[in-house]
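Chemist: can't give you the sequence, but here's the structure:
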Ligand code: AMP
């Protein structure tokens with residue numbers, strides 16, 4: 001089963017991708033997480049990507065597209081994949097569709113988490129990342145996923161690990177830029193969503209991202225075969 005997950009920053013798309021990954025045991029490929037891993041590891045790719053990410057810009061297609069297409073060729077992707085954060089613009093969408101077509105790979109589902117822009121922005125600034133698992137949901141403003149206190153320290157509510165914030169989550173200009181790109185239906189991410197919807201080859205699952213995490217997952221799971 002091959003799945004694309006779309007949703008603006010703050011929609012919980014990474015969290016939902018991780019839930020689907022656990023249920024179907026598919027690799028969860030997150031372009032943003034791959035970049036962050038490379039930045040953390042001080043790799044050449046990380047060095048190239050960092051300045052764009054910090055500003056909230058897209059990393060150039062010349063870097064991002066080969067990185068993702070190569071990842072999809074790895075052995076663990078033979079049984080299927082969940083691709084999250086890619087494609088992010090129309091060019092990436094067209095390139096991915098062609099690459100899949102050339103490789104004879106069928107896209108089964110397009111999952112779209114729909115969230116108004118003002119709600120998405122509110123969610124971003126309060127989220128915290130667990131150093132042990134990027135997909136342990138922690139948010140200072142939501143009771144259900146609030147980090148916990150341990151020995152006078154605020155830690156991950158799932159595993160007790162340390163928490164950190166993403167630099168691009170605390171920078172207002174970077175947040176707005178990321179949302180400008182997401183909600184742009186001419187060349188940005190909404191153009192990519194509409195492109196895949198228009199192809200009509202995959203089943204589209206659109207869910208209301210304003211609901212709580214379990215309800216959003218239930219809405220997605222109930223429609224996945
Ligand atoms: P995310 O974790 O999905 O919010 O991604 C964090 C950042 O990584 C984005 O703001 C971009 O700078 C970069 N990035 C992630 N995915 C892509 C992509 N498909 N194309 C270009 N840049 C990307």
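Modeler: Yep, it's here. Source: prediction; values computed, not measured.
Chemist: for the record, mean pLDDT for stretch 169-178?
Modeler: Looking at stretch 169-178 alone, the average pLDDT works out to 93.
Chemist: scratch that, stretch 200-215
Modeler: 94.
Chemist: which residue does this structure bring closest to the ligand?
Modeler: residue 32 (2.0 Å; C-beta to the nearest ligand atom). Every residue, glycine included, has its C-beta placed from N, CA and C.
Chemist: okay but that residue is in contact with residue 85, surely?
Modeler: Yes: using C-beta atoms under 8 Å, residue 32 is in contact with residue 85, at 4.8 Å.
Chemist: what's the overlap in contacts for those two?
Modeler: With contacts taken as C-beta atoms under 8 Å, 6 or more residues apart in numbering, the residues that reach both residue 32 and residue 85 are residue 14.
Chemist: Tell me the helix or strand right after the longest helix belonging to the chain.
Modeler: For the chain, the helix with the greatest residue count under DSSP state H is helix 90-103. Remark: after helix 90-103, the chain's next helix or strand is strand 109-114, criterion DSSP states H and E.
Chemist: That next one: which residues count as buried?
Modeler: Buried residues in strand 109-114, defined by neighbour count with 16 or more other C-beta atoms under 10 Å: 109-113.
Chemist: which of those lies closest to residue 4?
Modeler: Closest approach to residue 4 among these (C-beta to C-beta): residue 110, at 5.0 Å.
Chemist: any idea of the pLDDT on the spatially most distant residue from the centre of the chain?
Modeler: Among residues of the chain, the one most distant from the C-alpha centroid is residue 151; the distance is 32.2 Å, by C-alpha atoms, centre = their mean. On pLDDT, residue 151 comes in at 94.
Chemist: got the phi/psi numbers for it?
Modeler: When read as degrees, to the nearest 10, the backbone of residue 151 gives phi 50, psi 40.
Chemist: Up against the ligand, what does the chain have?
Modeler: Residues of the chain lying close to the ligand (C-beta under 6 Å from any ligand atom) are 9, 31-32, 35, 52-53, 56-59, 64, 85-86, 88, 92, 168, 178.
Chemist: So which of the residues you listed sit within helices?
Modeler: 31-32, 35, 52-53, 64, 92, 178.
Chemist: Do a quick rundown of the strands in the chain.
Modeler: Counting by DSSP state E, the chain has strands at residues 2-6, 28-30, 81-84, 109-114, 127-130, 138-139, 148-150, 153-155, 163-164, 203-208.
Chemist: Now those strands in JSON lines, please, with extra columns for distance to residue 13.
Modeler: Converted to JSON lines, the strands of the chain look like this (distance: least, C-beta to C-beta, whole Å):
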{"stretch": "strand 2-6", "distance to residue 13": "5"}
{"stretch": "strand 28-30", "distance to residue 13": "9"}
{"stretch": "strand 81-84", "distance to residue 13": "6"}
{"stretch": "strand 109-114", "distance to residue 13": "5"}
{"stretch": "strand 127-130", "distance to residue 13": "12"}
{"stretch": "strand 138-139", "distance to residue 13": "14"}
{"stretch": "strand 148-150", "distance to residue 13": "24"}
{"stretch": "strand 153-155", "distance to residue 13": "24"}
{"stretch": "strand 163-164", "distance to residue 13": "20"}
{"stretch": "strand 203-208", "distance to residue 13": "10"}
